[in-house]
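**Student:** Test case, fold it:
(4 chains)
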2 protein chains.
Amino acid sequence: MLTPERHQVILSLLQDRKTVKMKELVEATNASESTIRRDLSFLEENKKLRRVHGGASIKSAASEELSLQEKKTVHLAEKQAIAKYAASLVREGDSIFLDAGSTTYEMIPFLAQKNILVVTNGLSHLETLTSSAIETYVIGGRIKRKTRAVIGAHAVQSLKHYRFDKSFLGINGVHPKEGFTTPDPEEAVVKNTALQLSGETFILADASKLNEVTFAKVAEVQDAVIISDAPDDLLPPFKELTEVKVVTS
Amino acid sequence: MLTPERHQVILSLLQDRKTVKMKELVEATNASESTIRRDLSFLEENKKLRRVHGGASIKSAASEELSLQEKKTVHLAEKQAIAKYAASLVREGDSIFLDAGSTTYEMIPFLAQKNILVVTNGLSHLETLTSSAIETYVIGGRIKRKTRAVIGAHAVQSLKHYRFDKSFLGINGVHPKEGFTTPDPEEAVVKNTALQLSGETFILADASKLNEVTFAKVAEVQDAVIISDAPDDLLPPFKELTEVKVVTS
DNA sequence: CATTTTTCAATCAAAAACAATCAATACCAA
DNA sequence: TTGGTATTGATTGTTTTTGATTGAAAAATG
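**Tutor:** Alright, predicted model coming up:
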């Protein structure tokens, strides 16, 4: 396992659990304790985490979101499997909304060369979309630096200029009772608006998102189709409420 | 396998996996370790990836910023002089429109850390604006691939959500009779709209733009203040019509 | 508070990966 | 073809990374 990969594993484990023990890191990476110690020193040096006796803990305020770059590498294979399936649902001639986020980003390679129109609020998508010869529209509004997404009231206004055959949304939490949730209310309202404007909406949620709940509600579970790689035992509560597409990675 | 083909294989593997080991690359390309090493060195040299012990990893967002900064432009010194002066006109608390284009781009370093709000249609500006801690809004609309600008009817609609203290526009032609002109009518209407919505409008035009005329009209010369590095003998016809700020580079 | 246990930083030797070099081969233009 | 150039893979010695070991420091225990 390469050093940057190890660092990512450490950071994403931390993100999940808030604190992590030395032993867990050694297991997760198959590296020695010494190596992990060196990694932790390095990452602390770079302000990515705080070392504590026996392991490490996240640095900033709890539940802060991962930067986009960090998100891109965690659960990558799962995300790509989900993205590939999602992209297969897009037909020639479709107009689609592509939400900001790492999973939806992975859809783009599978959309290349299709004769479609894409509207997005994800600034990180734009370069890849346009260089894939896809007709691309961006919505207007305030830029959230951390996720490089366009959000806010203007974004919602701007979205309403369009209608979509299909929307593809990333999400942070999917819960049978609490519905789809995301940490930032301003992002939530954008996602909800896209959903309202779409014929069909697909929620791309890897297994780690299921039964999670975060701050801001986007919609009820029954308002969209879920695409996930979750194992069978997690799914029954969701299958009662909506269509669930299961992919394997 | 040819060298460019090998490079392509390496980059696309990296794109998929975010990190890749030497051994995997040797297998994927049937080349020797030495050759792969040379490839990696070359690709790192060209900022396409980051070498790490044991293989390579994709470049982080932070280092991508650099390559943007390094972009070379024609008439750079002139543009920077114009940009520096233009930026000096921006006051704390201002809301400004920053047009797409290379001259306006050069304003950003001089705006950094100011407490202002910037609305732009230039996608290339966004990364630098946000990482300069400037509150940034993008307008919505279709993306013109060539200039990475947001244009079209939706862009105009989206612009109308805002009002500006000042607008800073790039331009292709400035002519006493024909006014300000630019080749793309869809860009012209965006510039014109920004002008309408601004208290003051400044046209950033290096000497090569003076007395030029291109296809689509943006506004009359008297509708905006011109900032230019043009020599004195070119200026009198313009000074009769509007205010002209001359900078030296 | 003394003792035991755990975790830590520092050190070191082995292993892996490295850059530098060189000879062999492929390629190209005269 | 021939002479020259570029690319390649093998080999070399060097550097970096790694995991084990150590005694010191910090926490846990009684």
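
**Student:** Now the closest residue to chain B within chain A: phi and psi?
**Tutor:** Per Cβ to the nearest Cβ, residue A:140 is where chain A lies closest to chain B, at 3.3 Å. C-beta here means a position set from N, CA and C on the backbone, and glycine is covered the same way. Dihedral pair for residue A:140: phi -90, psi 160, per degrees, to the nearest 10.

**Student:** who's in contact with the spatially closest residue to it that is not a sequence neighbour?
**Tutor:** Once flanking residues are discounted, residue A:140 sits nearest to residue B:140: 3.3 Å by Cβ to Cβ, 6 or more residues apart in numbering or on different chains. Going by Cβ atoms under 8 Å, 6 or more residues apart in numbering or on different chains, residue B:140 touches A:137-141, A:150, A:155, A:158-159, A:161, B:150, B:154-155, B:157-158.

**Student:** circling back to that earlier point, check the gap between the residue of chain A closest to chain B and DNA strand C for me.
**Tutor:** To DNA strand C, residue A:140 is 44 Å away according to Cβ to the nearest atom of the strand, to the nearest Å.

**Student:** likewise residue A:86?
**Tutor:** Distance from residue A:86 to DNA strand C, by Cβ to the nearest atom of the strand: 35 Å.

**Student:** Convert the C-alpha atoms of the helix or strand that residue falls within to CSV, please.
**Tutor:** Residue A:86 is part of helix A:76-88, with elements assigned from DSSP states H and E. Taking Å, rounded to 0.1, in the frame of the first residue of the first chain, the C-alpha atoms of helix A:76-88 are listed here in CSV:
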residue,chain,number,x,y,z
LEU,A,76,-13.7,4.5,-4.7
ALA,A,77,-14.4,1.1,-6.2
GLU,A,78,-17.9,1.2,-4.7
LYS,A,79,-18.5,4.7,-6.0
GLN,A,80,-17.4,3.7,-9.5
ALA,A,81,-19.6,0.7,-9.6
ILE,A,82,-22.6,2.8,-8.5
ALA,A,83,-21.6,5.5,-11.0
LYS,A,84,-21.3,3.1,-13.8
TYR,A,85,-24.8,1.7,-13.2
ALA,A,86,-26.3,5.2,-12.8
ALA,A,87,-24.7,6.3,-16.1
SER,A,88,-26.2,3.3,-17.9
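
**Student:** roughly how far out does it sit from the chain middle?
**Tutor:** Put simply, helix A:76-88 sits 12 Å off its chain's centre (Cα atoms, centre = their mean, to the nearest Å).

**Student:** Over to stretch A:212-230?
**Tutor:** Distance, stretch centre to chain centre, for stretch A:212-230: 12 Å (Cα atoms, centre = their mean).

**Student:** Could you give me the buried positions within it?
**Tutor:** By 16 or more other Cβ atoms under 10 Å in any protein chain shown, the buried positions in stretch A:212-230 come out as A:214, A:216-219, A:221, A:223-230.

**Student:** out of those, which touch DNA strand D?
**Tutor:** Filtering the buried residues of stretch A:212-230 for proximity to DNA strand D by Cβ under 7 Å from any atom of the strand leaves nothing.

**Student:** Among those, which one lies nearest to DNA strand D?
**Tutor:** residue A:229 (29.0 Å; Cβ to the nearest atom of the strand).

**Student:** How about the contacts made by the closest one?
**Tutor:** Residue A:229 neighbours (Cβ under 8 Å, 6+ apart): A:78, A:81, A:82, A:206, A:207, A:246, A:247, A:248, A:249.

**Student:** If we ignore the residues flanking it in sequence, what's nearest the fourth one?
**Tutor:** Residue nearest to residue A:206 in three dimensions, not counting chain neighbours: residue A:78, with 4.5 Å by Cβ to Cβ, 6+ apart.

**Student:** Just the buried residues of stretch A:212-230: which are in helices?
**Tutor:** Residues of these located in helices (DSSP state H): none.

**Student:** Now intersect the residues you listed with the strands, please.
**Tutor:** Among the buried residues of stretch A:212-230, DSSP state E puts A:216, A:217, A:218, A:219, A:225, A:226, A:227, A:228 in strands.

**Student:** how about JSON lines for the residues you listed, with pLDDT and distance to residue B:32 added?
**Tutor:** Formatted as JSON lines, these follow (pLDDT from 0 to 100; distance: Cβ to Cβ, whole Å):
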{"residue": "A:216", "pLDDT": "92", "distance to residue B:32": "53"}
{"residue": "A:217", "pLDDT": "94", "distance to residue B:32": "56"}
{"residue": "A:218", "pLDDT": "96", "distance to residue B:32": "52"}
{"residue": "A:219", "pLDDT": "96", "distance to residue B:32": "54"}
{"residue": "A:225", "pLDDT": "97", "distance to residue B:32": "48"}
{"residue": "A:226", "pLDDT": "97", "distance to residue B:32": "47"}
{"residue": "A:227", "pLDDT": "97", "distance to residue B:32": "42"}
{"residue": "A:228", "pLDDT": "96", "distance to residue B:32": "42"}
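
**Student:** May I see these organised as TSV, with distance to residue B:189 added?
**Tutor:** Putting those into TSV (distance: Cβ to Cβ, whole Å) gives the following:
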residue	distance to residue B:189
A:216	37
A:217	39
A:218	35
A:219	36
A:225	39
A:226	42
A:227	40
A:228	44
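
**Student:** out of the residues you listed, who's nearest residue B:184?
**Tutor:** residue A:218 (37.5 Å; Cβ to Cβ).

**Student:** who in chain A is up against DNA strand D?
**Tutor:** A:3, A:6, A:30, A:31, A:32, A:33, A:34, A:35, A:38, A:53.

**Student:** From DNA strand D, how far off is the residue of chain A closest to chain B?
**Tutor:** With Cβ to the nearest atom of the strand as the criterion, residue A:140 and DNA strand D are 44 Å apart.

**Student:** Contact residues of chain A facing chain B?
**Tutor:** A:2-5, A:8, A:67-69, A:72-73, A:76, A:80, A:109, A:123, A:126, A:129-131, A:135-143, A:145, A:148, A:150, A:154-155, A:157-159, A:161 (Cβ under 8 Å from any Cβ of the partner chain).

**Student:** Show me how to select, in PyMOL, the buried members of the residues you listed.
**Tutor:** Buried subset of those, written as a PyMOL selection, criterion 16+ other Cβ under 10 Å:
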select buried, chain A and resi 2+3+4+5+8+67+68+69+72+73+76+80+109+123+126+129+130+136+137+138+139+140+141+142+143+145+148+150+154+155+157+158+159+161
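
**Student:** Out of the residues of chain A next to chain B, list just those in helices.
**Tutor:** A:3-5, A:8, A:68-69, A:72-73, A:76, A:80, A:109, A:123, A:126, A:129-131, A:154-155, A:157-159.

**Student:** shouldn't residue A:249 be in contact with residue A:84?
**Tutor:** No: contact status for residue A:249 versus residue A:84: not in contact, 9.3 Å apart, counting by Cβ atoms under 8 Å.
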